[in-house]
Each structure stands twice: as structure tokens, then as C-alpha cells.
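> this one's sequence-less:
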């Protein structure tokens, strides 16, 4: 069975003033083309199919797009298997998926899936799927550990930490004992599909996480003896602890400025038996993101269209130095015309001589006052006495 592993699509996402819907549709269409080009049997999406910002209407439109985009894939018997992630909202998904023929099967009594359609799991499941040649593969589907997906209620656990600890236990226990389930077939190759954060995974520099905010699992919790482990949640493609067959695929597109280009893609692999597979990572071309500093509006503004021929598709941030001859209004209008998907424009404000420094949360009141007095009283005979009084006041009031 040939698999294409992907994750973290975040369909219907928004970044600031920019709707990312069309960007992400283009990447989904690229995935469908890869499925056809590589004769993929099963497309696996390891969580976060949607952005948490997606409305029911947005999701319905996105499902319609999926059905049309993967029409030939489904018609030749291709199957799409997805688990829900931390950004997928169950209440919204449940409103639309039954009408979109996406209701999960009753896997407790009939774990055998039918080819040629999409399945979306927001509960744990052990299912079997056969490809066109009749080869069967087992899939262990593990959605992101939200309490409702694992039968817990807030009343049972008064703190977030206690709830997270119990959820981590339930997930690890399920994965570790899945081979004891009545319909587990030890003769079949088994693929784990999970939306989890595993200790040791490399994250982007802006990605912050701790035990109180998320569920962090040890590599051993995955029971990594599977033929393949398809993971989602970390937006950086990588295998774990040198195991090529247990990996994060990365995202389909850049979702913000903290995610560098060159790390968007999917993973192609063949599952032919119980032995671990050797996957191939296929890169995806992301939407261009640029941070542009303009120091001289007079000379640089007229050259932008030539310098950035793909400006219309680019999501851009600007840092601008004011000009004596180019008005801010004119510069802003021109930039918006050249870069219709601009996200932010910041002006380097010149500081007037003797002006009070702007306070910042990092510097605080005390340091701002000291800096202001030092500049304001430069050359004044009473400078030392005034600063001494100020220090006394600051010590009593702010320290």
C-alpha cells in the first residue's frame, strides 16, 4: 500500500488581515496531483485539518473543495484518513461531516473500511483498509487529546495539569495496549496516525510549549514498532530519534512569519509488510513571505515592482524610514497597490532632541524615568541631586 503522509493543513486560516483560504486550496490541489502522480492508495492527514477560526460555512465549503479536488483519487479507490488535531473544533465538525458523508464508521463492530472515500476520526480507533491489490493495512488513529475525545469531564479534574496528566496516561495506555484489542491482527502491517507532541521534536524558534499548555509524550509512549508512524502537530518535518519511519511531515504552507520556507512538504512511503518503511519527503513550494526594510523611499519605492515581481502573491511586513520628499500617505498607497496582501507597516519614528523616551513593558517605568532625566538634565548643575531624589522615589515605589 502506498501512503502519502501530511498534516497541519489549517484550512480556512487567516493571518492578520489576510485570508489564507486560496493559498491553502492551491496546496491541497498540489497534494491531489501528487496522489495521482505517485499512484497513492491512502492519503493520511495527521490532524489539524482546519483552523480554529473556521466557521461551519467555511468548513462546508472546504469539504466541497476536497470532494472535487480528490474526485479522481476517490474514483480509483483512493482513501483519505484523517484524525482531528488541537485546532479542529469537534462541535463544528460534527455539524457538517454527516452531511458530507464523513461520519466515522462503527469501528468497534466493523473495523474494515470501504475504499474510495474520506474518513475523519475524532475518537481513538483501530481500523483496517485494503488497497486495490487486496493488501490490508491496520491504522491506529489517535486524535489530539482533548477531554471530550477521551471520555473525561472537567469535574473529574480540578486543575489543567491533572487533566493533562490523565489524558497523557490514557493516550499512552491506548497505544501501548492496542495490540490486545479483539480485532487487532498481528499479521498485518500497522500504521500509527497521531496528532501529538513528542519530547525531543525540534520546533521553530517561536514555538513555545510547556506541560501545562500541552501534552508532551515520550518516544517510548508511541510504542514505535509500527511499520510507519505518521505524526502531526509540530510544523517542522523530521524523523524522531533517528527512526526514519516515525516522523512529522511538516505543513503544506507557511502559516506565519515564524515558519521558515523550505520546511513545507509531504511524505511518501510504501507499506508492504511489518518491517519499517523508508519514506521519501517531497517538498512543497510555500506562499512567499517577506520582511522588507525601506530606508530611502525616494529611490527604493519606484523599484519595488521590478525587484519583487511576485509581490501580488506575497504576504509582506514593512519597516519604513520617513522621507522629507515622499509623504507617508503616498508611500502607504503605493505599497498597498504593489503588495495587496501587506500585513504590517511600521515607521521608524525620529526622536526629537530632549523628548521623553517611549516606555516599553520590557524597560518599565523606573528605567524610562532614569533615561529621561539623564538626557533632560545633561549639563545642569542640579543633575546629581535630582537624580538622587528620583532614585529614592523609584526605590520606594517600584522596587
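In hand now; what should we look at? Small disclaimer: the values here were computed from a predicted structure and weren't measured.

> I'd assumed residue 271 was in contact with residue 1.
Yes: taking C-beta atoms under 8 Å as the definition, residue 1 is a contact partner of residue 271 at 4.9 Å. In this view, the C-beta of every residue, glycine as well, is placed from N, C-alpha and C.

> Point me to the helix or strand that includes residue 293.
Residue 293 belongs to strand 289-294 when assigned by DSSP states H and E.

> if we can go back for a sec, so for residue 1 and residue 271, which residues contact both of them?
Here residue 1 and residue 271 have 137, 189 as joint contacts, going by C-beta atoms under 8 Å, 6 or more residues apart in numbering.

> Neighbour count for these two, which is higher?
Shown here are residue 1 and residue 271; by other C-beta atoms under 10 Å, residue 271 has more neighbours (25 against 21).

> and the gap between the more buried one and residue 77?
Distance, residue 271 to residue 77, by C-beta to C-beta, to the nearest Å: 16 Å.

> Distance of residue 373 relative to residue 350?
Applying C-beta to C-beta to residue 373 and residue 350 gives a distance of 22 Å.

> wait, I meant residue 178
Taking C-beta to C-beta, one finds residue 178 at 64 Å from residue 350.

> Looking at these two, which is more packed in?
Counting neighbours by other C-beta under 10 Å for residue 178 and for residue 350 shows that residue 178 has the greater number, 18 against 9.

> contacting residues for that one?
Residue 178 makes contact with 126, 140, 184, 223 under the criterion C-beta under 8 Å, 6+ apart.

> Just give the number of residues close to the second one.
Same thing as residue 140. Around residue 140 there are 24 other residues, counting by other C-beta under 10 Å.

> which outside residues touch stretch 25-37?
4, 6, 9, 11, 40, 43, 65-66, 69-70, 72-73, 78, 252-253, 264, 266, 268, 282, 284.

> Now which of those residues would you call buried?
Buried members of the contacts of stretch 25-37, scored by 16 or more other C-beta atoms under 10 Å, are 4, 6, 9, 11, 40, 43, 65-66, 69-70, 73, 78, 252-253, 264, 266, 268, 282, 284.

> Isn't residue 269 up against residue 3?
Yes: assessed by C-beta under 8 Å, residue 269 is found in contact with residue 3 at 5.3 Å.

> Find the residues that touch each one of the two.
Shared contacts of residue 269 and residue 3, defined by C-beta under 8 Å, 6+ apart, are found at residue 228.

> my guess is residue 247 is in a strand, correct?
Yes: assigned with DSSP: H, G, I helix; E, B strand; the rest coil, residue 247 falls within a strand.

> hang on, it packs against residue 240?
Yes: between residue 247 and residue 240 there is a contact under C-beta under 8 Å: 6.5 Å.

> Next, show the common contact partners of those two.
Common neighbours of residue 247 and residue 240, counting by C-beta under 8 Å, 6+ apart, are 229, 231.

> Stretch 121-129: end-to-end distance?
For stretch 121-129, the first-to-last residue distance is 15 Å (C-alpha to C-alpha, to the nearest Å).

> What's the first helix or strand after the helix or strand encompassing residue 4?
Element membership for residue 4 (DSSP H and E) is strand 2-6. Per DSSP H and E, the first helix or strand lying C-terminal to strand 2-6 is strand 14-15.

> What strands line up against that next one, and which way round?
strand 18-19 (antiparallel) (DSSP bridges).

> so how far is stretch 327-334 from its chain's centroid?
The chain centroid and the centroid of stretch 327-334 are separated by 34 Å, computed with C-alpha atoms, centre = their mean, to the nearest Å.

> elements contacting the strand holding residue 4?
Packing partners of strand 2-6 (3 or more C-beta pairs under 8 Å, 6 or more residues apart in numbering; DSSP states H and E): helix 21-37, strand 42-46, strand 228-232, strand 265-270.

> and with 6 Å instead?
With contacts taken as 3 or more C-beta pairs under 6 Å, 6 or more residues apart in numbering; DSSP states H and E, strand 2-6 sits against strand 42-46, strand 265-270.

> so the first one versus helix 21-37, what angle?
Which is strand 42-46. Angle between the axes of strand 42-46 and helix 21-37 is 140 degrees (criterion: axes from the mean of the first three to the mean of the last three C-alpha atoms, to 10 degrees).

> wait, residue 74 sits on residue 115?
No: using C-beta atoms under 6 Å, residue 74 makes no contact with residue 115, being 8.8 Å away.

> So the protein: which segments form each domain?
Domain ranges of the chain: 2-283, 289-347, 364-398, per automatic domain parsing.

> tell me how far the ends of the longest one are from each other?
Domain 2-283 has an end-to-end distance of 18 Å (C-alpha to C-alpha).

> Repeat that for the second one.
One end of domain 289-347 to the other measures 19 Å (C-alpha to C-alpha).

> mind checking how far that domain is from the chain centre?
That offset, for domain 289-347, works out to 28 Å (C-alpha atoms, centre = their mean).

> now that domain: mean pLDDT?
Averaged across domain 289-347, pLDDT comes to 95.

> cool, stretch 194-201 as well?
pLDDT averaged over stretch 194-201 gives 92.
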